[in-house]
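[1] next come a sequence and a model predicted from it.
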Amino acid sequence: MQKLFRLRPSVAALALGICYASGALAGDCPAFLDHDFARLRSSEKVNLCKAYAGKPLLIVNTASHCGYTPQFKALEAVHEKYAPRGLVVVGFPSNDFHQEADDAAETAEVCYGNYGVKFTMLAASAVKGADANPVFRELGRQTQAPKWNFNKYLVKPDGTVAKYFDSTVTPDSPEFTRAIEALLK
């Protein structure tokens, strides 16, 4: 009985350690990412914290009918190249600049059909102004709100923006590649 009693504090300490570690992991994700977002053309929701905590992110505001829409191809190439190293690409379609399709099926066709996108695409939401989703409110606070479609934010695992790129910087540019490489070091 005494031997059993001596083990219990160890078991309790182990349980406390597991609870502490779980809490520490849950606390590692920035609050602005701890929201559920609907996936594009899906009933499935994704919580960015639960899905991608501890990973660097490339967050992009997108639109289906923009002159920059062909950047989807380069964004998919970035996804394919850097996903094995931990980078997660997340697209947020938005009609804030009046260039997103009115229908989610059309947005999905542009992304998945026309450009072969396999990275996470979410349902359309606001990315600027008072109605901006919580992710873009914080990204705008840290850097600047999107002034147009295809603004790109490289975000460290702790939630700080490592680098912001406007629409004119393409995902296959040397400047962009250098920033990704620096983020993944």
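    Received, thanks. Numbers count the residues shown, from 1 in each chain.
[2] can you map out the strands along the protein?
    With DSSP state E applied, the chain shows strands at 36-38, 45-47, 57-62, 88-93, 120-121, 152-155, 161-165, listed in chain order.
[3] give me whichever of these is most buried.
    Highest mean neighbour count among the strands of the chain (mean count of other CB atoms under 10 Å): strand 57-62, with a mean of 26. C-beta here means a position set from N, CA and C on the backbone, and glycine is covered the same way.
[4] thinking again about what came up before, adding distance to R178 and mean pLDDT, write the strands of the chain out as TSV.
    Listed next are these as TSV, based on distance: least, CB to CB, whole Å; pLDDT from 0 to 100:
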stretch	distance to R178	mean pLDDT
strand 36-38	29	97
strand 45-47	29	97
strand 57-62	14	98
strand 88-93	17	98
strand 120-121	24	98
strand 152-155	11	98
strand 161-165	9	98
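[5] relative to P70, which of those strands is closest?
    P70 lies closest to strand 57-62 among these, at 11.4 Å (CB to CB).
[6] other SSEs contacting the closest one?
    Packing contacts for strand 57-62, counted by 3 or more CB pairs under 8 Å, 6 or more residues apart in numbering; DSSP states H and E, involve helix 71-82, strand 88-93, helix 134-142, strand 152-155.
[7] swap in 6 Å and give it another go.
    strand 88-93, strand 152-155 (3 or more CB pairs under 6 Å, 6 or more residues apart in numbering; DSSP states H and E).
[8] count the neighbours of P157 for me.
    16 (other CB atoms under 10 Å).
[9] now it. Nearest residue, chain neighbours left out?
    For P157, the nearest residue in space outside its immediate sequence neighbours is G54; the separation is 5.1 Å by CB to CB, 6 or more residues apart in numbering.
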